[in-house]
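**Q** turn this into a model:
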Amino acid sequence: MKKRLLNSGKLFALSCIYVSVANAAFAADAESTQQLDEMVIKSDKPAVPANVPSTTEGVTAKQIAESVNSVSSSGALQYLPSIQVRERFIGDVNGGLAMRMYGVNSSADTIVYADGLLLSNFLNNSCCPGPRWSLVSPEAIDRVDVMYGPFSALYPGNSVGGVVLMTTHMPAKFEAHAKLDIFGENFKLYGTDKNFTGVHGSASVGNKTGDWSFRLSGDHLDNHSHPTDYAPATAKKGAAAEDGQFTVVTGAVTDLDIANKPRVITAATSLDHTVKDDATIKVAYDFSPTVRATYTLDIWQNTSDKLIDSYLRDAAGNTIYGTSTAAGPFSYVRINGKDYTVTAPSVSHADSEYHLHGVSVKSDSGGTWD
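**A** So this is what the prediction gives:
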């Protein structure tokens, strides 16, 4: 019993010493109290509504900057699970979205929003065209959230495959940004062995004064893509072509198609030269610390020239693009002793212009009706 009481006494003494030291430290801190500058604490709050009954994933601007090497907004989705964007080259307007069971050819079964404004195109249900990714500059993204569908109760029926919510940035003070990307690749397949290059530049400026805030941004892309398709030759049926009805050519490449059948490739097609210009104006007004109205105006212009690269050359080194239905030396081409007809691939030019604008009013009070 005596031993136990002695130990208790030691503990009590130590406790008294601790309290005395703590009181002394508190008194010293009170004498040296200083007024701190105002600070703002901001959280990466997701755009996903509360209590969503399914899997969600998100990525912030900081994570995108540290882990994603992309010059398009679709690149922000690169490492999110169960999601893929069919972006065959930088600036591809046919970048369809695939999520879980819904592939790139079911573009009308997924939805992409930017600040509540629709980027998806529901006019068809295929890979082409994909969501209008270029209406959002990658540098403007604050975060991206993905809800894996279905979500017809919260969004239109097109959300059966899933929903992508992009949240763009609004400044809290004056800020200005500029970025320049230069990129290239060496592409070698069949008869194509070339370097394809591109350049991308963007700039933005924004500020917040009182209850008003704004952001102006511009984005320019000029890129040459590698081929995305190839032209095959069709073998002549029956007897070989007579003298005077064919031209001997070189440069064709023989391989096997997906059915493991021989085929002859004569040209690379759809070498896309894409030029894109995008301008955005975003203005916001805070009615209160929890209620904000935002107006967005975006104009995107896109020019696409699809070029071709024929592999066929005659004995004089001239480029042969296709055969003719008229009788003559170009009715057929003779490749490795066999006769073929070749449909000349065509070039194309397209100009597009998109205008996107809308007003949103949102509350963020933590209440039921946010």
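**Q** from here on, just use CA atoms for contacts and neighbour counts.
**A** Fine.
**Q** residue closest to the middle of this structure?
**A** With distances taken as Cα atoms, centre = their mean, Ser74 lies nearest the centre of the chain, 1.2 Å away.
**Q** ok, the closest residue in space to that one that isn't next to it in sequence - how many residues close by?
**A** Closest residue to Ser74 apart from its sequence neighbours, by Cα to Cα, 6 or more residues apart in numbering: Trp133 at 6.1 Å. Trp133 has 23 neighbouring residues, counting by other Cα atoms under 10 Å.
**Q** helices along the stretch 51-200 of the chain, start to end?
**A** Taking DSSP state H, counting those that start in this stretch, the helices of the stretch 51-200 of the chain run over residues 61-67.
**Q** each with direction, which strands does the helix or strand where Tyr354 lies pair with?
**A** Element membership for Tyr354 (DSSP states H and E) is strand 348-363. In the sheet, strand 348-363 lines up against strand 291-310 (antiparallel) (DSSP bridges).
**Q** residues contacting the next helix or strand after the strand it pairs with, please?
**A** Next in sequence after strand 291-310, counting helices and strands by DSSP H and E, comes strand 332-335. Here strand 332-335 makes contact (Cα atoms under 8 Å, 6 or more residues apart in numbering) with 241, 245-250, 252, 323-324, 339-342.
**Q** mind listing the strands strand 332-335 pairs with, and their directions?
**A** Here, using DSSP bridges, strand 332-335 pairs with strand 246-248 (parallel), strand 338-342 (antiparallel).
**Q** packing partners of the lengthiest strand in the chain?
**A** Criterion DSSP state E: the longest strand present in the chain is strand 262-288. Helices and strands touching strand 262-288, by 3 or more Cα pairs under 8 Å, 6 or more residues apart in numbering; DSSP states H and E, are strand 212-224, strand 229-235, strand 253-256, strand 291-310.
**Q** distance to Asn158 and mean neighbour count added to the ones you listed, as a markdown table?
**A** As requested, these are exported to a markdown table (distance: least, Cα to Cα, whole Å; neighbours: other Cα atoms under 10 Å):
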| stretch | distance to Asn158 | mean neighbour count |
| --- | --- | --- |
| strand 212-224 | 30 | 21 |
| strand 229-235 | 30 | 17 |
| strand 253-256 | 39 | 13 |
| strand 291-310 | 24 | 18 |
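**Q** for those, which one sits closest to Gly206?
**A** Among those, the nearest to Gly206 by Cα to Cα is strand 212-224 (4.1 Å).
**Q** partner strands of that closest one and their direction?
**A** strand 192-209 (antiparallel), strand 262-288 (antiparallel).
**Q** now mean neighbour count and distance to Asn318 too, for the ones you listed, in TSV please.
**A** Output for those, formatted as TSV (neighbours: other Cα atoms under 10 Å; distance: least, Cα to Cα, whole Å):
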stretch	mean neighbour count	distance to Asn318
strand 192-209	17	17
strand 262-288	19	14
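**Q** now render the helices and strands packed on strand 262-288 as a markdown table, adding distance to Gly198 and mean pLDDT.
**A** Output for these, formatted as a markdown table (distance: least, Cα to Cα, whole Å; pLDDT from 0 to 100):
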| stretch | distance to Gly198 | mean pLDDT |
| --- | --- | --- |
| strand 212-224 | 4 | 96 |
| strand 229-235 | 20 | 95 |
| strand 253-256 | 28 | 93 |
| strand 291-310 | 14 | 95 |
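**Q** which one of those strands lies nearest to Gly103?
**A** strand 229-235 (20.1 Å).
**Q** now the closest one, how far from the centre of its chain.
**A** Relative to its chain's centre, strand 229-235 lies at 32 Å (Cα atoms, centre = their mean, to the nearest Å).
**Q** quick one, that strand and strand 262-288 angle?
**A** Orientation check (axes from the mean of the first three to the mean of the last three Cα atoms, to 10 degrees): strand 229-235 against strand 262-288 gives 160 degrees.
**Q** send me strand 229-235 as PDB with only the CA atoms.
**A** Backbone C-alpha positions of strand 229-235 (Å, rounded to 0.1, in the frame of the first residue of the first chain) are rendered in PDB as follows:
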ATOM      1  CA  ASP A 229      -6.600   5.900 -92.600                       C
ATOM      2  CA  TYR A 230      -5.200   4.100 -95.600                       C
ATOM      3  CA  ALA A 231      -6.400   3.300 -99.100                       C
ATOM      4  CA  PRO A 232      -6.400  -0.300-100.400                       C
ATOM      5  CA  ALA A 233      -6.200  -1.700-103.900                       C
ATOM      6  CA  THR A 234      -8.800  -4.100-105.400                       C
ATOM      7  CA  ALA A 235      -7.400  -7.100-107.300                       C
END
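**Q** pLDDT (mean, whole number) over stretch 361-370?
**A** Average pLDDT, stretch 361-370: 82.
**Q** nope, stretch 258-273 is what I meant
**A** 95.
**Q** not counting sequence-adjacent ones, nearest residue to Pro227?
**A** Per Cα to Cα, 6+ apart, closest to Pro227 is Leu271, 4.5 Å.
**Q** quick one: that neighbour and Ser225 touch, right?
**A** Yes: applying Cα atoms under 8 Å, one finds Leu271 in contact with Ser225, separated by 5.5 Å.
**Q** if we can go back for a sec, mind listing what's buried along the strand holding Tyr354?
**A** For strand 348-363, a neighbour-count test (16 or more other Cα atoms under 10 Å) marks Ser363 as buried.
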